[in-house]
Structures are given as structure tokens and as C-alpha cells.
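Novice: generate coordinates for the sequence data below:
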Amino acid sequence: MTEIDSAKTFPRFKLNRRQLMTGIAGAGVAGAVTGFPSILRAQPAQMTFPNSGGALEEAFKKAYIEPYSAKSGIQIMTAPYMDMARVKAMVENNAVDVDVLDIDATEAATLAREGLLEPIDYDMIDKSHLLPEATREHYVLVDVAAYVMAWNTKSFNQTTRPKTWAEYFDAAGKPGQRSLWKLAAQTMEAAAMGGGQARGKLYPIDLDLAFKSLDRIKPNLTWWSSGAQSAQLLIDGEVDLGTSWNGRLFKAKGDGAAIDYTFDNALYVCDALVIPKGAKNKKQAMEFIATFLDAQNQAVFSKTIPYGPVNTKAFELLTTEERGKLPNSPENGKTAVFQDFDYWASSGAAIFDRFNKWLVG
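Specialist: Modelled structure (predicted):
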């Protein structure tokens, strides 16, 4: 995937896990002719939905875009991912020409902090079964992915692999080369837990503790900068232990690669849906978002791509085998923690600055 540059918002602050995971692809989906009674009058013929593309967009089409178009008669035109700088310029120049954005939740929190998003109308969106972490004033989470510990099965197995981040950051106790994302976000959380910070009290991150953890494994550390690279390092045996996102490892493991991973102590990272301030079709955009949060549609999505739903009722529509593939299922979610997106929106610039100085130090 192509990494976006959010430097205009945070100096040296680059983060978009989804683009690193799936790549960019744009396509359109034609809609059917029936409609919601509430939007039959003066409804737009089409709406535009920028997103990360690739496998994620295909899952969005099947689970959400096609059902919405069939009900509303509105054609959804997908478009390449919009980074924060483009959203900011679009809103400030009163030139909003998109309706709903799929965006990394940390970026959504940043845009909300800068006053660039419309508030979410929860009178139009049923949040009774949504995860409490999912419902924010200006954005709503739509799925749950995981930043996980992984290993090459020629080096470790389920018995010998690290069970905690403290063991992952213990190169003496678990010898071998390991990898981390060359980015402060997510890596700092893992390093802090590796130093002993409790996952239930992970924020604010104890930065001194995190950097001590990084210092300990620096001689045994390989950095990765894309989701594909994170998986390939493990597949090729260039690292014995690695970090990655579950979506990157799922297919490779299924195809027989010598890798495995665990949801134990995972860090949940999410996509969010937002409406840029000044969007012309706010009512329809809210109804489009509501389609994403329907339990049945969320179950279809999680069957298509191994990311968990934010509507807890969706789990009831999945088999035990299907739930076993998802980061936040009742079976897998007992020791995980959600990334604090608002923390990164408020504190990210200073943390990235310190992290980047450590890299070259």
C-alpha cells in the first residue's frame, strides 16, 4: 500500500494502517431502484466514498455499499483514500465534494480535534449494541483489526513463543531477531507493555519505559514500513518474531506459510467513518453510515475479511469457526486493549518527534 503523508497536520506524523495493509483502488457500484421512504424526495443520484481500496473496499461493497444502494437507489462512487491534509484543505476552502470517508481512527480523532467533521447523529444510528469504544461525537468505528505478536514456526511454536509483550522484548529469554513497525503509533504501546505498563492503564504511555524496552532489543531489531513487508520478514525467516496486523498474516498462514500469530495482548486498531464538515448530503450520509453498523451487514463483512464487528449482535450471526478468526470475538478478546485514538490526536506530534530522534540516535 501507499503510505500517506500527514506531515501537514503533525510534523513527521505518518500513519495510515489501512493504506499500508490494502493498497488503493477506486471503483463504482451501481444501485438498484427501491428506496428508503425518508429519502425519496430530493435525494442525490450518487454519493462519493473515499476509502483505502483493495480487499477492504471489496468487503465494503459486499457488506455495505450494495445493500445501501439497493435500498436507497443512490449510487455509491468509491474513490482513493483522502489524507488529513486534503480533508483540511477541502473543508477550509468550502469545497467538500465527498460524502463519507473511511479513515484510520487516529486520523479521524485528529480531524475531529481540528473541527473539520460533522457530528454523528445518533438519532439516526442505533448504538444500543455498539461497542462503547465505537461511538464518538464526530466519528464512529466500523471494524476492529489487531496489531499482534507473530512468529516463524521454524523458530517458535505455541509453547515456546512469547506469551506477553514483556517476553517479546526480552531478547535474552527469547533469543532471536524480532521486528516492529517503524512508526511511533502502535510500536510505543507495545514497547510500554513490554516494559511492564499494564494494558488497563496504558494511557498516557510511559514513554521513558517504552524507550527502555526499545533500547533492550535494538541489536536484535528489524524495522518494517509496510504491511506486506511485516509478513514477508516472517515468511522468509528473516525474523524469528514479528509484529503485524492480523489481516496481513491471515491469508499467508492459510496458504501454508511457516508463520503463526496470537490475539493475546493484541492492540486493537480501527477504521472509522466520518462526514467532512460542510458535506452536502448529510442526511443520506448518516443513513449510509447506519448501514455499516447494522448487525447483519457487519456479519457479512467479517465473513469476507478477518476484521471484527463493532456491533456485538453480529457475533451471534457467526459460527464458532468464523468468530475464531476475529480479533475481538468473545473467544479472542480477553487480553486485548483498544488504541486510544484521541490520545494520539492530542499528543502524537511530540511523541513522533521523540521517536524519530531515537531512531537516528
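
Novice: chain center to stretch 45-56, what's the gap?
Specialist: Using C-alpha atoms, centre = their mean, to the nearest Å, the distance from the centre of stretch 45-56 to the centre of the chain it belongs to is 16 Å.

Novice: now stretch 146-158
Specialist: Its chain's C-alpha centre lies 21 Å from the corresponding centre of stretch 146-158 when counted by C-alpha atoms, centre = their mean.

Novice: let me see the mean pLDDT of it.
Specialist: Taken as a whole, stretch 146-158 has a mean pLDDT of 98.

Novice: ok, residues contacting that stretch?
Specialist: With contacts defined as C-beta atoms under 8 Å, 6 or more residues apart in numbering, stretch 146-158 is touched by 161-162, 165, 168, 174, 176, 181, 186, 189-190, 234-235, 237, 239-246, 249, 258-269, 327-328, 336. The way it works is simple: take the backbone N, C-alpha and C, and place the C-beta from them, glycine included.

Novice: helices - which of these land there?
Specialist: If you go by DSSP state H, those have 165, 168, 186, 189-190, 234-235, 246, 249 in helices.

Novice: and the longest helix that the chain contains, what's buried?
Specialist: In the chain, ranked by residue count with DSSP H as the criterion, the top helix is helix 341-360. Applying a neighbour-count criterion of 16 or more other C-beta atoms under 10 Å, the buried positions in helix 341-360 are 341-345, 348, 351-352, 355-356.

Novice: need the ones in helices among the contacts of stretch 146-158 in TSV with neighbour count, can you?
Specialist: As requested, these are arranged in TSV below (neighbours: other C-beta atoms under 10 Å):
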residue	neighbour count
Trp165	24
Tyr168	26
Gln186	20
Glu189	25
Ala190	24
Leu234	30
Ile235	18
Asn246	26
Leu249	24
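
Novice: from those residues, which two are the most distant?
Specialist: Considering C-beta to C-beta, no two members of the ones in helices among the contacts of stretch 146-158 lie farther apart than Glu189 and Ile235, which are separated by 24.7 Å.

Novice: tally of neighbours for Gln296?
Specialist: The local packing count at Gln296 equals 13, with neighbours defined by other C-beta atoms under 10 Å.

Novice: which residue ranges of this protein form strands?
Specialist: Secondary structure of the chain by DSSP state E: the strands cover 28-29, 46-50, 75-79, 101-104, 140-141, 145-152, 178-181, 221-224, 241-245, 259-269, 271-274, 337-338.

Novice: just the mean pLDDT for stretch 87-101, thanks.
Specialist: The model assigns stretch 87-101 a mean pLDDT of 98.

Novice: equivalent analysis for stretch 178-197, please.
Specialist: Stretch 178-197 shows an average pLDDT of 98 in the prediction.

Novice: compute the first-to-last residue distance for it.
Specialist: Start and end residues of stretch 178-197 are separated by 20 Å (C-alpha to C-alpha, to the nearest Å).

Novice: swap in stretch 92-112?
Specialist: Where stretch 92-112 starts and where it finishes are 14 Å apart, if you go by C-alpha to C-alpha.

Novice: domains for this structure, by residue range?
Specialist: For the chain, the structural domains run 17-144+270-328, 146-267+345-360, going by automatic domain parsing.

Novice: what's the least confident stretch among those domains?
Specialist: domain 17-144+270-328 (a mean of 90).

Novice: mind listing what the closest residue to Arg113 other than its chain neighbours touches?
Specialist: If you skip the residues right next to it in sequence, Arg113 has Ala345 as its closest partner in space, 4.7 Å away by C-beta to C-beta, 6 or more residues apart in numbering. The neighbours of Ala345, taking C-beta under 8 Å, 6+ apart as the test, are 106, 109-110, 112-113.
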